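Participant: just to be clear, the model below is a prediction. Sequence and coordinates:
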Amino acid sequence: MKPYYISTAIAYTSAKPHIGNTYEIVLADAIARWKRMEGYDVYFQTGTDEHGQKIQAKAEAAGISPQQYVDQVSGEIKRIWDLMNTSYDRFVRTTDPEHMVKVQKIFKRLYNQGDIYKGKYVGKYCTPCESFWTPSQLVNGRCPDCGREVQDAEEEAYFFKMSKYADRLIEHIESHPEFIQPESRKNEMINNFLKPGLQDLCVSRTSFTWGIPVDFDPGHVVYVWLDALTNYITFCGYDPDGASDEHYRKFWPADLHLIGKDIIRFHTIYWPIFLMALGEPLPKQVFGHPWLLVSSNESGAGEKMSKSLGNVIYADDLVDLFGVDAVRYFVLHEMPFANDGALSYSLLIERINADLANILGNLVNRTIAMDHKYFEGKIMAPTACEEIDDDLRAVALAMPGKVAKQMEGLHVADAIDEIFVLLRRANKYIDETTPWVLARDPEKAPRLGTVLYNLLESIRFAAVALEAYLPETSAKILRQLNVPNGGLASLASFDGMPVGGQVGTAEILFERMDPVKKLQEIADAKAAKEEPQSTVTFKPEIAFDTFEQVDMTVVKVVACENVPKSKKLLKFQLDDGSGKPRQILSGIAAYYQAADLVGKTLVACTNLAPRKMMGFESCGMLLSAEKDGKLELLMLSDTIPAGAKLC
RNA sequence: CGCGGGGUAGAGCAGUUUGGUAGCUCGUCGGGCUCAUAACCCGGAGGUCGUGGGUUCAAGUCCCACCCCCGCAACCA
């Protein structure tokens, strides 16, 4: 059997994955299942990426060890992958000791052969913050965190000689047009990163400890991307000492790395170069899939899910509401090949009703019900064919090939559509043949039996093909038809339903939903869930004299205007009572019209260190209150004069 | 001139590579049917294909200029 290695990106264990992240594993699963149906020996790897500063910080905030933290989140991710009924062969974790040892060996080997060298990381250092910054990160020449002066400083670090392999990589990308998908990304990588010249990549860190230690240099941990990317080979059986096992020899190079479009650069530049340095072949294809966005209201376009927007949707919540296959169907079908897709509850309900309940579910239901009604569930021989049957049969027989073609190009949504073309055709066929009319004339029984046979067989075709996308539903339909899944081979001819056999009982596959009621239900459930949790947090206690250092002054708005080219900033000219004008910039353009604020009496913190924003100096901070996307400036009545102090 | 994506029927999209009657799903209106989950089938209405120019016998599609929207980056003291 021909091997086929497909992987997803390993999920970063900083938080529970939302439906957008879950989309990737479902997409990979559909491809993996289809490849198995086509007879490939599939190896499907997924897992979690568990090192890095962010995770260390999250664990500290949660008051547990990083290991406990990643155990918890990784478990949660695996639970969701399982809930989505995904057929991965291996779920890997970068905290696996075996992986860690291999990464250390890889690092050492690259060091020994001169691809990694020890150098100096030159930058700006802010002593109070204990942070390194690159010149581009500095704000107005100062520390972006605290605004204080920074010093030139250097730190030992390991670097990878990217430039050494750049030409070879460009040549590989140019000569393998299928390597980066969608193709539009190819030029982006070459023009933006490769052509201008690759910088050597810093591949070690000393600023945190939650990573794989560089075994020959304590204090350094391996850069997370080097750690993460190598998962594709370390867990496949690669041995840095040259004794890679049979599994590796069979499956590497991977056929497809399925990843999000945001990490294409790492997979099409760094990863291939690491592999070149190791002397291993490159993966055959990297597909950067688009994102699943949420649209919060009917007309709203998609926006990225984020906690601060409060629009995060989780796969398990959706599965509770709609069932696994409905969610799988939605994410697979609603995602175009290259553009971002949008998800909303009303869209989801619409798709389930229109496609799954009406076209698919109702077809299966009405067909099996008719067979019971007219033939007590017996599968009749198709002896009375008519010309009108030819088109249905032709559509059915052509379907598997069309699906295969779409899948070959990774157009999963279009592949599913091909199956629904057949289902729609079958519904139409019922109207064309009007079985209920045939049933009135006993002499037409053979014709009626033939019509039902053709319908049952068409449904069987669809059910077999749907296995890759809706595995549970596929099995349910075949159970109702009472036939085994004969695989793609059984779709070569239109005679798979056993004549003389008996169909099962008709059961509802997808319940039709009332959109208004269902949306209300969802809103109620959401409200009930959100009620108990409080998002208000309080900072640690401070001494009174610390508080007293803050100088807060009443100011009058003399002038206010939008900062050009800025979405958030308003520029204020203020009277602070001193006689000298004071300029403050504030990021509240989304909440206030500049003109409306002229003449208002506000409060500002007036002894903050000045800071430059978008080229303008800001001397202080206007006080406002914010929660859940609502913001209001602190506004006093106009009777209090400028320069008055808060006390 | 920061980088990128996009503007096609009320909504969501395909079509643009290789110019040649503007298409799909949903919605809407009308009709048909009654086997079925008020489902299914047929038909109609609805489009200056962002704007202006150009090339061409012919432009949604190619060329030039411009406008608008959305991400990212820079801003949130």
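Facilitator: Alright, I've got the coordinates. Residues are numbered from 1 along each chain as shown, chains lettered A, B, ... in the order given.
Participant: which parts of the stretch 101-250 of chain A are strands?
Facilitator: If DSSP state E, counting those that start in this stretch is used as the criterion, the strands of the stretch 101-250 of chain A fall at A:116-126, A:131-133, A:151-160, A:180-181, A:201-202, A:204-205, A:221-222.
Participant: looking at the ones you listed, which has the lowest confidence?
Facilitator: Between these, the lowest average pLDDT goes to strand A:131-133, which shows a mean of 58.
Participant: how about the residues of the stretch 401-550 of chain A by RNA strand B?
Facilitator: Counting by C-beta under 7 Å from any atom of the strand, the residues of the stretch 401-550 of chain A close to RNA strand B are A:424, A:427-428, A:430-431, A:434-437, A:508-512. Using the backbone N, CA and C atoms, a C-beta is placed for each residue, glycine as well.
Participant: just the buried ones from those residues?
Facilitator: Of all those considered here, the ones buried according to neighbour count by 16 or more other C-beta atoms under 10 Å are A:424, A:427, A:430, A:435, A:509-510.
Participant: what about the closest residue to A:Val214 other than its chain neighbours, how many neighbours?
Facilitator: The shortest distance from A:Val214 to any residue other than its chain neighbours is 4.0 Å, reached at A:His220 (C-beta to C-beta, 6 or more residues apart in numbering). Using other C-beta atoms under 10 Å, A:His220 has 21 other residues around it.
Participant: pLDDT wise, what is A:His220 at?
Facilitator: In this model, A:His220 is scored at 90, pLDDT.
Participant: I'd guessed it sits against A:Ser204; true?
Facilitator: Yes. Using C-beta atoms under 8 Å, A:His220 is in contact with A:Ser204, at 4.3 Å.
Participant: overlap in contacts of those two?
Facilitator: Common neighbours of A:His220 and A:Ser204 are listed as A:157-158, A:214 (criterion: C-beta atoms under 8 Å, 6 or more residues apart in numbering).
Participant: between those residues, which is closest to A:Pro610?
Facilitator: Checking these against A:Pro610 by C-beta to C-beta gives A:Ala157 as the nearest, at 33.4 Å.
Participant: RNA strand B versus the closest one, what's the distance?
Facilitator: Between A:Ala157 and RNA strand B the computed distance is 21 Å (C-beta to the nearest atom of the strand, to the nearest Å).
Participant: that residue: what's its closest spatial neighbour, skipping adjacent residues?
Facilitator: Excluding its sequence neighbours, the residue lying closest to A:Ala157 (C-beta to C-beta, 6+ apart) is A:Tyr121, at 4.0 Å.
Participant: my read: that neighbour touches A:Tyr158, true?
Facilitator: No. Applying C-beta under 8 Å as the test, A:Tyr121 and A:Tyr158 come out as separate, 9.4 Å apart.
Participant: what touches both of those two?
Facilitator: Contact with both A:Tyr121 and A:Tyr158 is made by residues A:Cys202, according to C-beta under 8 Å, 6+ apart.
Participant: looking at the two, which one has more neighbours?
Facilitator: The residue with the greater number of neighbours, taking A:Tyr121 and A:Tyr158 and applying other C-beta under 10 Å, is A:Tyr158; the counts read 24 against 17.
Participant: hmm, A:Ile77 is touching A:Thr48, no?
Facilitator: Yes. Proximity of A:Ile77 to A:Thr48 meets the contact threshold set by C-beta under 8 Å, at 5.6 Å.
Participant: any residues in contact with both of the two?
Facilitator: With contacts defined as C-beta under 8 Å, 6+ apart, the residues shared by A:Ile77 and A:Thr48 are A:11, A:13.
Participant: which regions of chain A sit below the pLDDT cut-off?
Facilitator: Applying pLDDT under 70 to chain A flags the ranges A:122-153, A:183-197, A:294-311, A:335-341, A:529-540, A:627-629.
Participant: state the distance from the residue of it most remote from its centre to RNA strand B.
Facilitator: The outermost residue of chain A, judged against the average C-alpha position, is A:Glu443 (58.1 Å), by C-alpha atoms, centre = their mean. With distances defined as C-beta to the nearest atom of the strand, the gap from A:Glu443 to RNA strand B amounts to 18 Å.
Participant: ok, that residue - contacts?
Facilitator: Neighbour list for A:Glu443: empty [criterion: C-beta under 8 Å, 6+ apart].
Participant: how about A:Thr230?
Facilitator: Under the contact definition (C-beta under 8 Å, 6+ apart), the residues listed for A:Thr230 are A:99, A:102-103, A:106, A:274.
Participant: would you quantify the distance from it to A:His51?
Facilitator: To A:His51, A:Thr230 is 12 Å away according to C-beta to C-beta, to the nearest Å.
Participant: pretty sure A:Ala342 is touching A:Leu348, no?
Facilitator: No. Contact criterion C-beta under 8 Å: A:Ala342 and A:Leu348 do not qualify, at 10.5 Å.
Participant: as JSON lines, the residues of the stretch 401-550 of chain A next to RNA strand B with distance to A:Glu521 and secondary structure would be great.
Facilitator: Converted to JSON lines, these look like this (distance: C-beta to C-beta, whole Å; DSSP: H, G, I helix; E, B strand; the rest coil):
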{"residue": "A:Arg424", "distance to A:Glu521": "30", "secondary structure": "helix"}
{"residue": "A:Asn427", "distance to A:Glu521": "29", "secondary structure": "helix"}
{"residue": "A:Lys428", "distance to A:Glu521": "34", "secondary structure": "helix"}
{"residue": "A:Ile430", "distance to A:Glu521": "33", "secondary structure": "helix"}
{"residue": "A:Asp431", "distance to A:Glu521": "34", "secondary structure": "helix"}
{"residue": "A:Thr434", "distance to A:Glu521": "38", "secondary structure": "coil"}
{"residue": "A:Pro435", "distance to A:Glu521": "37", "secondary structure": "helix"}
{"residue": "A:Trp436", "distance to A:Glu521": "36", "secondary structure": "helix"}
{"residue": "A:Val437", "distance to A:Glu521": "41", "secondary structure": "helix"}
{"residue": "A:Ile508", "distance to A:Glu521": "19", "secondary structure": "coil"}
{"residue": "A:Leu509", "distance to A:Glu521": "21", "secondary structure": "coil"}
{"residue": "A:Phe510", "distance to A:Glu521": "17", "secondary structure": "coil"}
{"residue": "A:Glu511", "distance to A:Glu521": "13", "secondary structure": "coil"}
{"residue": "A:Arg512", "distance to A:Glu521": "15", "secondary structure": "coil"}
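Participant: many thanks, have a good one.
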